[in-house]
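**Q** After the sequence you'll find the predicted model.
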Amino acid sequence: MAALARWCYRHRLVVLLIWVGAVFGLGFAGSAAGTDYANTFSLPNTDSTRAYDLMEKAFPQSSGDTDTVVWKVDDGTVRDESVRSRIEPKLAEIAKMAGVGEVTSPYAADGAGAAQISENGRIAYAQITFTEQANGVPKATVEDVVETAQAAERDGLQVELGGQAIARTEEAPAGIAETVGILAAAVVLFLAFGSLFAMLLPLVVAIAALGTGLMATSLLSHVTDVPEVAPLLGSLIGLGVGIDYALFIVTRHRRGILRGMKPEDAAVTALNTSGRAVLFAGGTVCIALAGMLVMNMRFLDGVVVATSLTVVLSVLAATTLLPALLGLLGMRVLSRRQRRRLAATGPESAEASGLAARWSSYVERRPRSTAAMALVAMLILAFPVLSIRLGATDQGNRQESTTTRQTYDLLAEGFGPGFNGPLQVVVAKGDANALVATIRTTDGVAQAAAAPPSQGITVIQVVPTTSPQSKATDQLIDRLRDEVIPASGAEAHVGGVTAIFKDFAAVTGDRLPYFVAAIISLGFLLLMVAFRSLVVPLTAALMNLIAAAASFGVLVAIFQWGWGTELLGIGKEGPITAFLPVIMLSLLFGLSMDYQVFLVSRMHEEWVHTKDNARAVRVGLAETSRVINCAALIMICVFSAFVLSGDLEGAMAGIGLAAAVALDAFILRTALVPAAMHLLGNSNWWLPAGLEERLPHLAVEPKEDPEATEPARPTGSASVVHGYVRDAEGAPVEGATVTLRSKGGRQLDRVTSLADGSYILSVPAPGAYLLAATAVSYGSRARQVTVEDGPLVYDVELSEASEASEEEAAR
C-alpha cells in the first residue's frame, strides 16, 4: 500500500488523466448504449411464478403498458351528456396520439364498457394501452396524455390518471437527491476541516467513483438483469462510502502534517494505515452485499452487482485518485490558520484533546451506567420491529397530491378496495366454470370472471373485497391455494402482482435467517483474523444485530405505523417493501463493520504497543470518535436526501440507513462498544493459542515506517529516561519490563527493572516518546513523555487495580 501511495503521489498527473479518461469514456459509452433495466420479481418454485409462466405461454404479451384515466362527478352521473361531451373528445384525441395503441372507453357503442362505470354511476375509467412498455414510452408522450385528459376537468368533474407510464411524470428530476446529499456533505466537511481544498477532496473522489460506477452499471444492464432500483441503491451506498473513505484518509494525512511530517510522507503514512483500513472495510461491505446471493433471488443479483461495483470503485478512487490529489494540493490541504500556526509553534502534540478525549475518559470512569443507558435506548427504538410486516408498496402509498394516488383512491371508492390489486387464477386443467362459481362464493371475493380460454389455459380475474396491502387479501390467497382450488379438483395457480409480492415476502422471511447467519459469520471470521481476538468480533456481531433491530424499529414506526409520513412528504403508511430488509441488512452490516474496523484498529494498535486495555480503549475512542461521528453525519445527510428521490423504496432505504448510521455511530460505537470493552478488560484480546497459530495474519493497521512517520525532531545529543518502578504502597517492583517507543510505535529501548525497582532507558534525541511498563501480577501502564536537552527522571507506579495511577517526578 505504501509503494502504491508513493507512486500515485509522485505520478499524480498520470493518475488524474487515467481517472478523467475513465469517467468520460464510461460516460460516453453509457450515454450511447442507454439502459436496459429489468424488474424480475418472480421466484422459482412459487405458485405465482407457475401462474405467470402459464399466462405468458397462453397469452404472449404483444402490447405495451396499460394505464388508466378515471373521472368522477359530484352531481349526476358520468353518463350525463354534459360529462360525455367533455370526456369522449379527449379520449378520441388521446387515441390518435403517436405511441398510443388503443383506448378502451366506458362509452363504447356496443356497451362493452358498461363494467367500467361504478354502480352509483359517479365514477368511470378508461384504459390507455401504449405501443411500448412503460420505460419505452417517451416521457413527452405521457405528458401529452396527462395534459389532454386533465383538460376535460371543470367544476364538479375530477379527472385523474394512474399507471406505470403515468408515474414517470411524477418522478423527481434526476440527480436531485444526490445533489442535495453532496451539498449537505460539503457543509459538514467544511465545518470539520475549515479548508475549502480539504472539503473538496472527499467530494471529488466520491463523485468520480459514483460516476464510473453508475455508467458501468448501465452498461452491465445490457448483459444481465439489473432492476431499476439498483442505480438508486448504488448511488446511496456509493456516495456514503466514497465520501467517508476519503474522509478517513484525509483526516489521517492532515494529522500527520500537523505533527511535523512532510506532505508526501504524511500521504504515504495515511494510505498505509487508514488506507489499509479502507481496503479492509470496503472488502467487508462487498462481502456483506454478496451475502444477498444466499437469498437465491434473481431480483437481488443485479442489486449486488450495482452496489458492489460502486463500493469497489470507491475504494479504488480513495487509494489511487486521492493520493494524486493530495500531491497536487501539498500543504494547502491545511487551512491558512493551521499553516500559520504550524510555522509559528511547530508540530502539535500527539495526545488527543478536547471533547472527544473528555468523553472517552468519562466512558472509562463510568462504563456500567454508559452501557446501560445506551442499551435501554436501543431496545426502546427496536420495539416496533416486533410488528414488522413485509409486502409491497403501490401507487396508493404515494402523496395525496399526486394524480396516481388520486386515481388509486377513486378506483377503490368506485369499484372496491380490491380493484387495484386483482388476482389471476390460471387454470391449466379441470372445470374452469365450476371453479369460477366456487370462487364467487368464497369469503373475501367481491367478483370473479373468466376470460375466454387460449391454448387450453383459462384465466379467472378475481377482485378481493380488501386492498392489495391488507392482511385479509393475503389470507384470501392462502384460502384459494389451500382450500378452494384443491377442493375443486382443478389444476390452477394464483398469480398477479399482489400474489407475486406475497410470495416474495414469504420467501424473504424464510431465507432471511440464513442470510443473516452468513454475513455475521463472514464478518466474525474477518474481524477475528484482523484483530486476533474472539471477543472483539463477537461483540461486533452482537452490536450489528442491535443496530439492525433499532433501525428497522424506526422504519416500522415511520412507514408502517405512519408516524410522520405525510410530514416527510413520503405518502401513506403501508407494509415494508419485501426486498428492503435484505438490501438494508447488507448495507447496514457493511457500514457497521466500517466503523468497527476504524474504531477497533486504533485500539488494537495501542494494545499491541502497550498491552494496556484501558489505555487502548480510551486512546482509540478519543482519536477516532470525532472522525467517525463526522463520517456518520455525512452519511446521514446523504441517505436522508434520498427522501427527495421520488421513489418510495429509495426513501425507505434512505431513512432506514440514516437511522441505522446515526444509532450505530452516536450510540453504539461512541458509547456501548467502548463501555463494554472497558468492562471486559484484557479478555477483549483473548485468542486460544492453538487458534493463534493456525489463523493467517492480516494487519489492518501495520506498524508505521519510522523513516516516514517520525516528525522532524530538534537536533541534540542522546539522553536517557530513568527512575523507579514501584507498587501502590511504594515498594520496589523487580523484573518489570519497561519499554520506550517512538510515537509511530517503533521500539527504541527495552530493559528490566532491578531489585530496587530502578531502570534506565536510552533516548536517541530530544522529543516525545511513549513509555510503557508491565510486570507479572501487576497491570500495564503507558504514558507519553517528553525528553528535552537533559535526562528525564520518571517514576512509574504499578497496581493490580485497573485505575492505577502513574506519577511523574522530576529531580
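**A** Yep, that arrived. Predicted, not measured: the structure shown is a model, and the values here were computed from it. Residues are numbered from 1 along each chain as shown.
**Q** What separation do you get for Gly25 and Leu390?
**A** As defined by C-beta to C-beta, to the nearest Å, Gly25 lies at a distance of 41 Å from Leu390. Heads up, the C-betas are built off the backbone N, CA and C, glycines and all.
**Q** of these two, who's got more company?
**A** Leu390 (20 against 12; other C-beta atoms under 10 Å).
**Q** what about the strands in the stretch 601-750 of the chain?
**A** 719-727, 737-741, 747-752 (DSSP state E, counting those that start in this stretch).
**Q** Quick one: distance of the last one to the chain centre.
**A** Here the centre of mass of C-alpha atoms in strand 747-752, compared against the chain's by C-alpha atoms, centre = their mean, to the nearest Å, lies 46 Å away.
**Q** ok, now the first one?
**A** A distance of 51 Å separates the C-alpha centroid of strand 719-727 from that of its chain, computed with C-alpha atoms, centre = their mean.
**Q** need the strands of the stretch 601-750 of the chain in a markdown table with mean neighbour count, mean pLDDT and distance to Ile519, can you?
**A** Shown next, in a markdown table, are those (neighbours: other C-beta atoms under 10 Å; pLDDT from 0 to 100; distance: least, C-beta to C-beta, whole Å):
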| stretch | mean neighbour count | mean pLDDT | distance to Ile519 |
| --- | --- | --- | --- |
| strand 719-727 | 20 | 83 | 47 |
| strand 737-741 | 20 | 86 | 37 |
| strand 747-752 | 14 | 81 | 38 |
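**Q** Ok, which of the ones you listed comes nearest Gly240?
**A** Closest to Gly240 of the strands of the stretch 601-750 of the chain is strand 737-741 (C-beta to C-beta; 36.1 Å).
**Q** Not counting that closest one itself, show me its contacts.
**A** Contact partners of strand 737-741, identified using C-beta atoms under 8 Å, 6 or more residues apart in numbering, comprise 609, 721, 725, 747-753, 759, 761-763, 769-775, 796.
**Q** could you dump the strands of the stretch 601-750 of the chain to JSON lines with distance to Glu573?
**A** Shown next, in JSON lines, are the strands of the stretch 601-750 of the chain (distance: least, C-beta to C-beta, whole Å):
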{"stretch": "strand 719-727", "distance to Glu573": "64"}
{"stretch": "strand 737-741", "distance to Glu573": "58"}
{"stretch": "strand 747-752", "distance to Glu573": "61"}
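**Q** Nearest to Ser82, out of those?
**A** The minimum distance between Ser82 and the strands of the stretch 601-750 of the chain falls on strand 737-741, with 91.4 Å, by C-beta to C-beta.
**Q** quick one, the closest one and strand 719-727 angle?
**A** Per axes from the mean of the first three to the mean of the last three C-alpha atoms, to 10 degrees, the angle that strand 737-741 makes with strand 719-727 is 140 degrees.
**Q** quick one, strand 737-741 and strand 747-752 angle?
**A** Angle, strand 737-741 to strand 747-752, by the same axes, to 10 degrees: 170 degrees.
**Q** Which positions within the helix with the most length in the chain qualify as buried?
**A** Ranked by residue count and defined by DSSP state H, the top helix of the chain is helix 497-531. By 16 or more other C-beta atoms under 10 Å, the buried positions in helix 497-531 come out as 497-508, 512, 515-516, 518-520, 522-524, 526-528, 530-531.
**Q** List the contacts of Glu491.
**A** Val427, Ala428, Lys429, Gly430.
**Q** Throw together a PyMOL command that grabs the buried residues out of these.
**A** Of the contacts of Glu491, the buried ones go into a single PyMOL selection, burial set by 16+ other C-beta under 10 Å:
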select buried, resi 427+428
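**Q** quick one: whichever helix or strand Ala548 is part of to chain centroid distance?
**A** Counting by DSSP states H and E, the element that carries Ala548 is helix 535-555. Computed by C-alpha atoms, centre = their mean, the chain-centroid distance of helix 535-555 equals 14 Å.
**Q** can you check stretch 492-510 too?
**A** On the basis of C-alpha atoms, centre = their mean, stretch 492-510 sits 26 Å off its chain's mean C-alpha point.
**Q** average pLDDT for it?
**A** Averaging pLDDT along stretch 492-510 gives 87.
**Q** and it, C-alpha only, in PDB?
**A** Output in PDB follows, covering the C-alpha atoms of stretch 492-510 (Å, rounded to 0.1, in the frame of the first residue of the first chain):
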ATOM      1  CA  ALA A 492     -54.800 -24.000 -11.000                       C
ATOM      2  CA  HIS A 493     -52.400 -21.400  -9.700                       C
ATOM      3  CA  VAL A 494     -52.900 -18.000  -8.100                       C
ATOM      4  CA  GLY A 495     -50.900 -15.200  -9.700                       C
ATOM      5  CA  GLY A 496     -51.000 -11.400 -10.200                       C
ATOM      6  CA  VAL A 497     -48.800  -8.600  -8.800                       C
ATOM      7  CA  THR A 498     -50.400  -9.000  -5.300                       C
ATOM      8  CA  ALA A 499     -49.700 -12.700  -5.200                       C
ATOM      9  CA  ILE A 500     -46.200 -12.300  -6.500                       C
ATOM     10  CA  PHE A 501     -45.300  -9.800  -3.800                       C
ATOM     11  CA  LYS A 502     -46.900 -12.000  -1.100                       C
ATOM     12  CA  ASP A 503     -44.700 -14.900  -2.300                       C
ATOM     13  CA  PHE A 504     -41.700 -12.700  -2.400                       C
ATOM     14  CA  ALA A 505     -42.300 -11.600   1.200                       C
ATOM     15  CA  ALA A 506     -42.800 -15.200   2.300                       C
ATOM     16  CA  VAL A 507     -39.600 -16.400   0.600                       C
ATOM     17  CA  THR A 508     -37.700 -13.500   2.000                       C
ATOM     18  CA  GLY A 509     -38.900 -14.200   5.600                       C
ATOM     19  CA  ASP A 510     -38.000 -17.900   5.200                       C
END
